[in-house]
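Undergrad: below are the sequence and a predicted model for it; my questions follow.
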Number of protein chains: 2
Amino acid sequence: MALIVQKYGGTSVGSVERIKNVAKKVIAAKQAGHDVVVVVSAMAGETNRLVGLAQQISELPDERERDVLLASGEQVSTALLALAINEAGQRARSFLAHQVRIETDKAYGKARIKSIDSTRVRKALKDGEIVVVAGFQGVDEEDNITTLGRGGSDTSAVAVAAALSAEVCEIYTDVEGVFTTDPDICAAARKLDRVSYEEMIEMASMGAKVLQIRSVELGMKFKVPIHVRSSFNDAPGTWVVEEDESMDEVLVSGVTYDKDEAKITLVSVPDRPGLAAQIFGPIADASIVVDMIIQNASEDGTTDLTFTVPKADYKKARALVEQIAKTIRAKGVNVDPDIAKVSIVGVGMRTHAGVAAKMFQILAREGINIEMISTSEIKVSVVIDAKQMEPAVRALHKAFIEQQGKL
Amino acid sequence: MALIVQKYGGTSVGSVERIKNVAKKVIAAKQAGHDVVVVVSAMAGETNRLVGLAQQISELPDERERDVLLASGEQVSTALLALAINEAGQRARSFLAHQVRIETDKAYGKARIKSIDSTRVRKALKDGEIVVVAGFQGVDEEDNITTLGRGGSDTSAVAVAAALSAEVCEIYTDVEGVFTTDPDICAAARKLDRVSYEEMIEMASMGAKVLQIRSVELGMKFKVPIHVRSSFNDAPGTWVVEEDESMDEVLVSGVTYDKDEAKITLVSVPDRPGLAAQIFGPIADASIVVDMIIQNASEDGTTDLTFTVPKADYKKARALVEQIAKTIRAKGVNVDPDIAKVSIVGVGMRTHAGVAAKMFQILAREGINIEMISTSEIKVSVVIDAKQMEPAVRALHKAFIEQQGKL
């Protein structure tokens, strides 16, 4: 008998019929002898409907009131699931954020959980009840309603699991688990049985959008095993867990890509101290997130400076950079929105040199030109022409994963 | 400068456009120099949509979870109105029941308000904010969500007004105010300028469904002047206030009717002590509410016993009564669903004898047969054939109201 936290996303509770199915799965876990706490998202489409209502009223809605509005979506799905479990003959009790004090900071729309008071949940479990907790929502110290951002219910679930020292946090979703790469691009992609928190963070931040990153960070901090699995069948999914020695044997766990960035280059900038601040200050002030930055000093005292920004922001960024270019007397500005970032991720890289070199060889063999490179301890990313993204992913997957890529 | 509580019903906030209109009215009151607290219902249709979802899951939904579900409707409209006021340039802040502790008993679906903590509302008003409070919802002492029943937002508004000692509680609705009778039946019906709490209670309980009765009881208890008016124009509506001497001069303030009852007669029941308990015990056990009861003892030691029940329950009641009839050896059971109750209401009756007699004369003149009679201090009700309901209402309205009915 264990304490299990299960999280169901919007698709899994997207209709009354699906909610009834979720109730069955929850009850099966209860009848297997476990204490069960369920965290739910809003029904699929509901959050978008509410956002739409807010936008009919205001282009830039007041953030506090927007969160009050959005939090209602999880209130509905939470109550409906509790109703469905009760109807199926098991006792269930719902709790909203203010009832179990999922306390967050005051950052409306992207709040971070600070603490959870698990007293009422524990009491309900002791009374034999199944507990249903509203995901996505929190309250600040003054009881104002906050929300955790898109995918926030994942974080709610892991935080609840941490507060209860649950044996596992099961994330039920519409995919089978975490894959070595996107199966739509590479038919040989396969489901990972286990992946470390660190790898998951690197993969999630680069397009393997299975879990909200913050939920993985929280899982890592509190050592909560996370089991990502399908809500439509009983097959085991992917465990996101602490790194262990066996993981080191695998060089690369996943190949990811990101097509949502654009590249901006400042050509022949006179090189002097303070230059980077002069360029990136105004961009940060415009709330544009810069990802990769590369600077190449040249012999003649000028430098080329290249960086990537989200594609959605690149026109705004270009306008800014063209102004800056005049001020700092750069020769020009080049913009390329047709790029893709391809990355390999694996904790095994830590103990094996030469992984990056092998990656560059493989891409060279495919005739793929590398425009930018960025590396971290467990990740190597390259920026290439968007048209070459799919062959690059397939070649890297074949070499590092299908052939278990020894160096 | 006064403190005003305004309540807007579901129709008034039934769309984004209407919510924007409400925001304008609220801001106008604020700009006239008042402190304004607004109480809102769910958008028209939303509560029914949520009830429908619950019923797809369970015929008899768990009451606690049903209330969690239904309360979300007011959360949405409250947030949207606060957004609209903010968008129009005035600062607004929403509060849900748990945030201002609208504390109720534990009677899910029909909870009664016990107390409100007005601290946060007062602070927000002091800060110059317009306060928007979710109607219909409460929390019990353990922070479980409760709801107040259909029309409960009226009661929320009056309770908030009482807690804040507001100068007036304005109830904005889709009618112009309280009428002397139903204008659809009697073209001469006119809007009342003032009506006493007691009269309003008698009228509301008999079909003039403008205000939830409990809101009027609460207004009476805490002496909150209630102004019922249209949300679609600025014309004054009807003030529901304490009785004063001038009201005594009017014999009858309103003529009301109720077509939702059915009549059941037990014929020739052997008359003996304990009979009424034997009959009405099982009916009460079946949660059927009995309204009027009349018993006529006859010379031969038997009695006829007639009573009314809600039309929706009369088949269930008849089945019960037919069983009882056998046990107590009644001669038979007659049922008549085609009845109507017509009533005259007025505090002036207290000080004037003969009002009932005049009512019977008027009905007799119209050839209308009276089947049952019931009287209270400020009300006389008769049960008649449903087909004669409209002529009865018109004749009584003409004699007592249009001709200012002196005796």
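TA: Structure's in. What do you need?

Undergrad: under the pLDDT cut-off, which ranges of chain A? List them.
TA: Per-residue confidence for chain A (pLDDT under 70) gives these ranges: A:205-208, A:405-407.

Undergrad: contact residues of it facing chain B?
TA: With the criterion set to C-beta under 8 Å from any C-beta of the partner chain, chain A comes near chain B through A:16, A:19-20, A:50, A:53-54, A:56-58, A:61-62, A:64-66, A:68-69, A:71-72, A:75-76, A:78-80, A:82-84, A:86-87, A:92-94, A:96, A:98-99, A:143-145. The C-beta positions use only the backbone N, C-alpha and C, and glycine is treated the same way.

Undergrad: restricted to strands, list these.
TA: A:92-94, A:145 (DSSP state E).

Undergrad: return the closest of these with respect to A:Glu249.
TA: Proximity of these to A:Glu249, judged by C-beta to C-beta, is greatest for A:Ala92, which lies at 43.8 Å.

Undergrad: OK, contacts around the closest one?
TA: For A:Ala92, the contact set (C-beta atoms under 8 Å, 6 or more residues apart in numbering or on different chains) comprises A:81-82, A:85-86, A:129-132, B:62, B:65.

Undergrad: closest one of the ones in strands among the residues of chain A next to chain B to B:Thr173?
TA: Using C-beta to C-beta, these come closest to B:Thr173 at A:Ile145, 28.7 Å.

Undergrad: buried ones in the helix ranked longest in chain A?
TA: When chain A is parsed with DSSP state H, its longest helix is helix A:63-87. Neighbour-count burial for helix A:63-87 flags A:64-87 (criterion: 16 or more other C-beta atoms under 10 Å in any protein chain shown).

Undergrad: what's the most distant pair in the contacts of A:Ala92?
TA: A:Val131 and B:Asp62 (14.1 Å).

Undergrad: can you classify A:Val133 by secondary structure?
TA: strand (DSSP: H, G, I helix; E, B strand; the rest coil).

Undergrad: pull the number of nearby residues for it.
TA: 28 (other C-beta atoms under 10 Å in any protein chain shown).

Undergrad: gap between the closest residue to A:Gly332 other than its chain neighbours and A:Phe280?
TA: Closest residue to A:Gly332 apart from its sequence neighbours, by C-beta to C-beta, 6 or more residues apart in numbering or on different chains: A:Val267 at 4.6 Å. A:Val267 is 17 Å from A:Phe280, where distance means C-beta to C-beta, to the nearest Å.

Undergrad: now swap in A:Ala71 and tell me
TA: A:Ala71 is 35 Å from A:Phe280, by C-beta to C-beta.

Undergrad: same question for A:Thr327.
TA: Taking C-beta to C-beta, one finds A:Thr327 at 14 Å from A:Phe280.

Undergrad: same question, A:Tyr197
TA: 30 Å.

Undergrad: the stretch 151-300 of chain A: strands as residue ranges?
TA: A:168-173, A:194-196, A:226-230, A:238-241, A:254-258, A:261-270, A:293-297 (DSSP state E, counting those that start in this stretch).

Undergrad: who wins for proximity to B:Val345 among these?
TA: Among the strands of the stretch 151-300 of chain A, strand A:168-173 sits nearest to B:Val345 (C-beta to C-beta), with 58.8 Å.

Undergrad: the closest one vs strand A:226-230, what angle?
TA: Angle of strand A:168-173 versus strand A:226-230, following axes from the mean of the first three to the mean of the last three C-alpha atoms, to 10 degrees, is 30 degrees.

Undergrad: so which other helices or strands are in contact with strand A:168-173?
TA: Using 3 or more C-beta pairs under 8 Å, 6 or more residues apart in numbering or on different chains; DSSP states H and E, the elements in contact with strand A:168-173 are strand A:3-8, helix A:152-163, strand A:226-230.

Undergrad: determine which stretch of these is the most buried.
TA: helix A:152-163 (a mean of 28; mean count of other C-beta atoms under 10 Å in any protein chain shown).

Undergrad: give me the residues contacting that helix.
TA: Counting by C-beta under 8 Å, 6+ apart, A:5-7, A:9, A:37, A:39-41, A:74, A:102, A:113, A:115-116, A:118, A:121, A:133-138, A:148, A:166, A:168-169, A:171, A:211-212, A:214-216, A:218-219, A:221-222, A:224, A:226 sit against helix A:152-163.

Undergrad: the helix or strand where A:Ser374 lies packs against which elements?
TA: Assigned by DSSP states H and E, A:Ser374 belongs to strand A:372-376. Counting contacts by 3+ C-beta pairs under 8 Å, 6+ apart, strand A:372-376 is packed against strand A:293-297, strand A:379-385.
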